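*Asks:* heads up, no residue letters with this:
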């Protein structure tokens with residue numbers, strides 16, 4: 001041990017309020033818990049190292065600092081035009097969210113989110129309230145028109161052109177999720193923006209019109225444009241067959257049902273919604289005091305939008321790192337792939353969470369199932385000192 005270092009930092013350890021041993025510095029902890037470089041041998045010439053403490057020490061420098069995983073999406077500044085607004089949470093405002101970005105969009109009656117596409121991300125949507133119509137076109141030239149109501153989903157692949165039109169005399173609002181955290185509503189490729197910056201001579205040749213007619217077109221991106229109300233009866237659909245459609249009725253399709261003790265969970269993966277190749281998503285409802293148990297996602301990042309109630313998420317990030325945060329309506333959470341977590345309803349009403357994952361296949365592992373599947377002697381060794389009666393109850 002380095003006595004000079006110990007002399008500098010002092011040798012006294014303290015017992016913190018949590019009952020865990022704490023140290024005045026990382027250097028002091030390393031002196032106590034870490035062995036010398038090279039001890040244990042090299043190659044085939046290895047040997048035991050004198051036993052240490054019951055638990056391992058983690059140098060904070062060896063792992064990244066536990067990131068903030070809560071952001072107020074609805075507390076962010078909206079992008080507003082004549083027909084409505086949109087608020088976003090991207091990696092630029094919410095650094096942990098590298099894999100998924102989110103948007104809350106509101107369209108007034110008669111308004112439309114203009115024809116556009118996304119160069120870097122697919123789009124997934126959950127309709128919260130109101131009714132709307134989407135039109136999407138694929139590279140083959142095939143197009144689909146669908147009408148949506150509360151609880152319905154849509155999915156548009158990256159680069160596919162689409163639009164959203166409110167139908168009926170009520171506003172429509174929905175949550176959008178994108179499979180790239182760098183996606184921003186300020187970076188969509190919109191038709192009015194394109195026409196505005198293209199030379200009129202080229203537009204005239206493209207559409208077979210005199211170039212002067214383009215003087216009347218909008219100057220800039222209209223984004224969400226106000227307009228006359230479209231009656232529901234006039235909003236005709238042109239849907240595709242169920243196996244290829246861009247629409248999924250999450251709250252009405254029994255294939256989505258994955259209820260559990262303490263709550264309900266409706267989920268659409270690529271198996272239930274074949275068009276949705278790069279994402280999965282759904283709606284979880286937890287009763288007051290209930291919890292979605294400790295688990296982790298094997299193959300995807302997880303994104304939450306808190307729709308109703310008050311929730312608490314405990315996040316485990318390896319290397320002795322953990323963080324707990326509380327969530328209210330309008331907040332979003334981001335759980336990096338592989339991070340352990342649990343979700344609890346800490347309010348007095350149902351907790352409603354819109355959730356998405358950036359993989360069409362949904363895969364997760366529950367901690368209690370892992371413990372139950374493990375041999376009793378292994379569990380006893382892992383939790384040395386814990387009474388066998390406690391471990392037996394954990395294993396069920």
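*Replies:* The structure has been received and is ready for your questions. Values in this document were obtained by computation on a predicted structure and should not be read as measured data. Numbering: from 1, shown residues only.
*Asks:* tell me the domain ranges of the protein?
*Replies:* 3-42+52-62, 70-247, 256-372 (automatic domain parsing).
*Asks:* okay, these in a markdown table with distance to residue 386, mean pLDDT and mean neighbour count next?
*Replies:* In this view, the C-beta of every residue, glycine as well, is placed from N, C-alpha and C. Below are the domains of the chain laid out as a markdown table (distance: least, CB to CB, whole Å; pLDDT from 0 to 100; neighbours: other CB atoms under 10 Å):
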| stretch | distance to residue 386 | mean pLDDT | mean neighbour count |
| --- | --- | --- | --- |
| domain 3-42+52-62 | 12 | 58 | 12 |
| domain 70-247 | 32 | 97 | 18 |
| domain 256-372 | 12 | 97 | 19 |
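*Asks:* can you put those in CSV and add distance to residue 387?
*Replies:* Converted to CSV, the domains of the chain look like this (distance: least, CB to CB, whole Å):
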stretch, distance to residue 387
domain 3-42+52-62, 16
domain 70-247, 36
domain 256-372, 15
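*Asks:* tell me which of those sits nearest to residue 381.
*Replies:* The minimum distance between residue 381 and the domains of the chain falls on domain 3-42+52-62, with 11.5 Å, by CB to CB.
*Asks:* before we move on, the earlier item: which among the domains of the chain is found nearest to residue 393?
*Replies:* Among the domains of the chain, domain 256-372 comes nearest to residue 393, with 10.6 Å by CB to CB.
*Asks:* now do the same end-to-end measure for that closest one.
*Replies:* 27 Å (CA to CA, to the nearest Å).
*Asks:* OK, contacts around the residue lying closest to residue 90 once chain neighbours are set aside?
*Replies:* Spatial nearest neighbour of residue 90, chain neighbours left out: residue 101 (4.4 Å); criterion: CB to CB, 6 or more residues apart in numbering. Residues counted as contacts of residue 101 (CB atoms under 8 Å, 6 or more residues apart in numbering) are 88, 89, 90, 91, 121, 177, 178, 180, 181, 182, 183, 184.
*Asks:* please enumerate the strands of the stretch 151-300 of the chain.
*Replies:* 152-156, 161-166, 172-178, 189-190, 224-225, 247-249, 263-268, 280-286, 291-297 (DSSP state E, counting those that start in this stretch).
*Asks:* want to throw those into CSV with distance to residue 375?
*Replies:* Converted to CSV, those look like this (distance: least, CB to CB, whole Å):
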stretch, distance to residue 375
strand 152-156, 42
strand 161-166, 52
strand 172-178, 40
strand 189-190, 56
strand 224-225, 59
strand 247-249, 42
strand 263-268, 31
strand 280-286, 33
strand 291-297, 20
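*Asks:* and those strands: which comes nearest residue 344?
*Replies:* strand 291-297 (4.3 Å).
*Asks:* name every strand pairing with the helix or strand following that closest one and say which way it goes.
*Replies:* Next along the chain after strand 291-297, taking DSSP states H and E as the criterion, comes strand 302-308. Applying DSSP bridges to the sheet, strand 302-308 is found paired with strand 331-335 (antiparallel), strand 351-357 (antiparallel).
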